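[1] Just need the structure, nothing else, for what follows:
(chains A and B, ligands or ions: 2)
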Amino acid sequence: MEFLNTNLPYILAGISVGGQYALIAIGYTMVYGILRLINFAHGDIFMVAGFAMVYLSATLPLYISIPLTIIITVLLGFAVERMAYKPLRTAPRMSIMISAIGVSYLLQNCAWYITSGLAKQYPTIPWISESISIGTATTKIVTVITPILTIVLVIALVILIKYTKIGMAMRAMAKDFETSQLMGVKINSVISFTFIIGSFLAAIGSLLYFTNYATVTPIAGAMPGLKAFVAAVFGGIGSIPGAVIGAFIIGICENIIRMFGWTTFSDAFTFALLIIILVAKPTGLFGEKSTDKV
Amino acid sequence: MMLRINNLKVNYGGIEAVKGISFTVPEKSIVTLIGANGAGKSTTLRTIAGLVKPQSGNIEFLGEDITGKGAADIVSHGITMVPEGRKIFPDLTVLENLKIGAYLRKDDLTDDLNLVFDLFPRLKERSWQHGGTLSGGEQQMLAVGRALMSRPKLMMMDEPSLGLAPLIVRNIFEIIQEINKQGVTILLIEQNANMALKVADIGYVLETGRITLSGTGAELLADEGVKAAYLGAKAK
Ligand SMILES: Nc1ncnc2c1ncn2[C@@H]1O[C@H](COP(=O)(O)OP(=O)(O)O)[C@@H](O)[C@H]1O
Ligand SMILES: [Mg+2]
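    Ligands and ions are numbered 1, 2, ... in the order given. A predicted model of the protein is given here:
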């Protein structure tokens, strides 16, 4: 009990950051599930969501700047797919990957240009930035809200995928584009929809994440993006529950490592984990054998 | 005329797979295209279905030019296809596989589901199973049922007998005739020429991208050339 009391803040922080990784990881895993594409630009879309909030909240009240940030992020995700990936639909997969890396650098460079590379102060969102005591630990409300909101959003997403028509089309397309088209599925709309969901969740994730970290930089998306990507691979890329569980495990493990005072190793841990999975079980916790689509 | 194909040419890269074919499919008929492996049968159907864009020529359906339209658009015109190898969605349940066949429809599906379940009682028993767990024959039934869910005017079938036991093949062909009697026009392609010509009103022989012969099913069955080339093995 004593142990738990002193270490509760780390565990809470782990669950919270795990939820933030999960919201990003879903975007990676859904896009991979449908397009077999690792969307390297996803972490940068998350970063742009951070800056959008910084600039919008400077002039607009929060009840406008928050929804506007979400809308801008969603539009950006949609536009990236339409402009950088859709024209390469029939190209070899490697070309789309390269295009994704290009978009990633483009977004980072635009952010450098606009901000001159300076870290920007993230606005304080009232209520979720307030402190709260849990047992002996004091933390921000956002720490508690994040996992709850994450779970609610994941449940909503699972229901959407399992019980709606577009969800059924997404599951069909994950296996076979051509036959889905023969059923009348407009594959470009479904792909756009997938990017919209992924960007929406990344925007929510960025609101929660940057509230915790206080500043945004042009490379602020790289680290959480990579960790979310590792979480998706760990869970079995393509699987939504896998990505969420992977994200929580990584978030909690990182903070347990910090708890033991090995803060410098907490990032290294994630990447060591990636290497171990790729060697020992490339399909991850819930991944299926890689089925190449026809 | 329900479907009119005019001088259709289809290329893959530099290779001409279909070299200018013309044929027609009358309303409420069963028409078959037979030919050896690689003759261009699948390419022809895939072009009509909107999966492949033709080089030249045109496709007319119920008087409307549908050349080059996208696959989803073609479905909304009332053309459906049972693809080669059935292509059931393995992770979707049997019921979902049927429902996705009606993807573009917004009306109630109960009647259509009952109709499919009347044709294939097996599918009703298995409606909660995943498509991937069905046997080959059951998957073919599901593929046909799925195609019917769009309420097609024209159903195209790519080698429905492929890889199935003779008894099941006979059953599938009976179902094809039954569906045709209910008013759906059928365009069937087969390597199993014997079976196909027996049920067909009209047949065309496709050889390396060209139509070399046509006639009623009975005429082609009796033709010496067809017998030698396509029915030889079966006649023994
Ligand atoms: N996707 C493709 N890319 C390149 N060539 C193809 C493709 N599909 C078919 N072909 C070629 O086109 C020709 C006709 O094929 P196909 O229409 O599948 O014949 P069939 O269905 O009569 O067996 C063959 O020579 C085949 O190798
Ligand atoms: Mg074929």
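[2] Ignoring the adjacent residues along the chain, who's closest to residue B:6?
    If the residues on either side of it in the chain are set aside, residue B:6 comes closest to residue B:58, at 5.0 Å by Cβ to Cβ, 6 or more residues apart in numbering or on different chains. In short, each C-beta sits where N, CA and C put it, glycine included.
[3] meant to ask about residue B:152
    Sequence neighbours aside, residue B:80 is the residue nearest to residue B:152 in space, at 3.9 Å (criterion: Cβ to Cβ, 6+ apart).
[4] what does the model give the residue nearest the centre of chain B for pLDDT?
    For chain B, the residue sitting closest to the mean C-alpha position, by Cα atoms, centre = their mean, is residue B:157 at 1.3 Å. For residue B:157, the model assigns a pLDDT of 97.
[5] List the contacts of it.
    For residue B:157, the contact set (Cβ atoms under 8 Å, 6 or more residues apart in numbering or on different chains) comprises B:81-82, B:144, B:147, B:176, B:186-189.
[6] make it 10 Å
    In this structure, residue B:157 makes contact with B:30, B:32, B:45, B:80-84, B:140, B:143-144, B:147, B:172, B:176, B:179, B:186-190, B:196, judged by Cβ atoms under 10 Å, 6 or more residues apart in numbering or on different chains.
[7] cool, residue A:101 as well?
    Residues counted as contacts of residue A:101 (Cβ under 10 Å, 6+ apart) are A:38, A:40-41.
[8] what about the helices in chain B?
    Taking DSSP state H as the criterion, chain B carries its helices at B:41-48, B:71-77, B:94-101, B:110-119, B:121-125, B:136-148, B:166-181, B:193-199, B:217-222, B:224-226, B:232-235.
[9] Any stretches of the chain with poor pLDDT?
    This is for chain A. A:1, A:289-294 (pLDDT under 70).
[10] oops, I was thinking of chain B
    Low-confidence segments of chain B (pLDDT under 70): B:232-236.
[11] and chain B, which of its residues are near ligand 1?
    Counting by Cβ under 6 Å from any ligand atom, the residues of chain B close to ligand 1 are B:12, B:15, B:17, B:35, B:37-43.
[12] Mind putting those residues into a markdown table with distance to chain A and neighbour count?
    Written out in a markdown table, the entries for those read as follows (distance: Cβ to the nearest Cβ, whole Å; neighbours: other Cβ atoms under 10 Å in any protein chain shown):
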| residue | distance to chain A | neighbour count |
| --- | --- | --- |
| B:12 | 12 | 10 |
| B:15 | 17 | 8 |
| B:17 | 17 | 22 |
| B:35 | 22 | 24 |
| B:37 | 18 | 8 |
| B:38 | 18 | 11 |
| B:39 | 21 | 23 |
| B:40 | 18 | 24 |
| B:41 | 16 | 25 |
| B:42 | 12 | 19 |
| B:43 | 14 | 22 |
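[13] separation between the residue nearest to residue B:6 and chain A?
    According to Cβ to the nearest Cβ, to the nearest Å, residue B:58 stands 21 Å off from chain A.
[14] my read: that residue touches residue B:21, true?
    No. Judged on Cβ atoms under 10 Å, residue B:58 makes no contact with residue B:21 at a distance of 11.9 Å.
[15] Which one's more surrounded, those two?
    Shown here are residue B:58 and residue B:21; by other Cβ atoms under 10 Å in any protein chain shown, residue B:21 has more neighbours (20 against 14).
[16] Tell me which residues touch that one, please.
    When contacts are counted by Cβ under 10 Å, 6+ apart, residue B:21 touches B:5-10, B:33, B:40, B:44, B:57, B:204, B:206, B:209-211.
[17] among these, which ones are buried?
    When neighbours are counted using 16 or more other Cβ atoms under 10 Å in any protein chain shown, the contacts of residue B:21 contain these buried positions: B:5-6, B:8-10, B:33, B:40, B:44, B:57, B:204, B:206, B:209, B:211.
[18] Now, those that are in strands?
    For these, membership in strands holds for B:5-6, B:8-10, B:33, B:57, B:204, B:206, B:211, with DSSP state E as the criterion.
[19] ok, of those, which one's closest to ligand 1?
    residue B:206 (6.7 Å; Cβ to the nearest ligand atom).
[20] Tell me what that closest one is bridged to.
    Per DSSP bridges, residues listed as beta-bridge partners of residue B:206: residue B:211.
[21] Distance check, the residue nearest to residue B:55 when sequence neighbours are not counted against residue B:212.
    Leaving out its chain neighbours, the residue that sits closest to residue B:55 by Cβ to Cβ, 6+ apart is residue B:9, at 4.3 Å. Distance, residue B:9 to residue B:212, by Cβ to Cβ, to the nearest Å: 16 Å.
[22] now do residue A:215
    Using Cβ to Cβ, which is the criterion applied here, residue A:215 is 74 Å from residue B:212.
[23] got a list of what residue B:167 touches?
    In this structure, residue B:167 makes contact with residue B:137, judged by Cβ under 10 Å, 6+ apart.
[24] Apply 7 Å and report the result again.
    Residues touching residue B:167, when contacts are defined by Cβ atoms under 7 Å, 6 or more residues apart in numbering or on different chains, are absent altogether.
[25] swap in the one 3 residues further on?
    In this structure, residue B:170 makes contact with no residue, judged by Cβ under 7 Å, 6+ apart.
[26] can you map out the helices along chain A?
    Residue ranges of the helices in chain A, as given by DSSP H, are A:2-35, A:42-59, A:62-80, A:93-115, A:141-163, A:165-175, A:177-182, A:187-213, A:222-235, A:240-259, A:266-280.
[27] Residue B:89: which of those helices is closest?
    helix A:165-175 (4.9 Å; Cβ to Cβ).
[28] Report the inter-axis angle for that closest one versus helix A:2-35.
    Interaxial angle, helix A:165-175 versus helix A:2-35 (axes from the mean of the first three to the mean of the last three Cα atoms, to 10 degrees): 80 degrees.
[29] now for helix A:165-175, which elements pack on it?
    Applying 3 or more Cβ pairs under 7 Å, 6 or more residues apart in numbering or on different chains; DSSP states H and E, we find helix A:165-175 packed against helix A:2-35, helix A:141-163, helix A:177-182, helix A:187-213, helix B:94-101.
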